[in-house]
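[1] give the three-dimensional model of this entry:
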Amino acid sequence: MRTVNGFEKNFEMKFRKLAFKLHLYLGLVVGIFLAVIALTGSLLVFGPEIEQFFNPQLLQVIPQTERIPLENVLQIVEKAYPQNQDLSILLPRSAKDVCQVSMLSKSEEIVSVYVNTYSEKLRVGAFGKKLLQVLFLRYTRN
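    Numbering: from 1, shown residues only. Have a look, this model is predicted:
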């Protein structure tokens, strides 16, 4: 069913070009959206490993003879930061690792305190709202 001037063929070509452009731009938007979801999910899952890679001086200790009990670790941290609320504790995976206690300050910043479980010394991580911390607060708080 062609018309005299090729109107139907011209319409079909315009429709195909429009459908192609629409498919292209929708695919780009959805692709970027999925990439952001994948990246933030990976950051949440591999957060401790990423932090250990970028801050080895905070997360490694020289093993000694005997570790202090977990209850003492919490008492040391709560004594040093009485105004903060405990959020989580990451126990050492090996003899060279520290115990990490994450706390929420009154200004809603996450404070990471690293405790040497041999010498009871404290090291404080970065203050402020990093991406991982924002995601952690967003998905774990009521």
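
[2] after the longest helix along the chain, which helix or strand is next?
    Ranked by number of residues, the top helix in the chain under DSSP state H is helix 7-45. Once helix 7-45 ends, the next helix or strand along the chain (criterion: DSSP states H and E) is helix 47-54.

[3] okay, the angle between that following helix and helix 7-45?
    With axes from the mean of the first three to the mean of the last three Cα atoms, to 10 degrees applied, the angle from helix 47-54 to helix 7-45 works out at 70 degrees.

[4] quick one: distance of the longest helix of the chain to the chain centre.
    Distance of helix 7-45 from its chain centroid, counting by Cα atoms, centre = their mean, to the nearest Å, is 28 Å.

[5] show the average pLDDT along it.
    On average, the pLDDT along helix 7-45 is 89.

[6] for that helix, packing partners?
    Here helix 7-45 touches helix 131-140, going by 3 or more Cβ pairs under 8 Å, 6 or more residues apart in numbering; DSSP states H and E. Every C-beta, even on glycine, is put in place using the N, C-alpha and C of the backbone.
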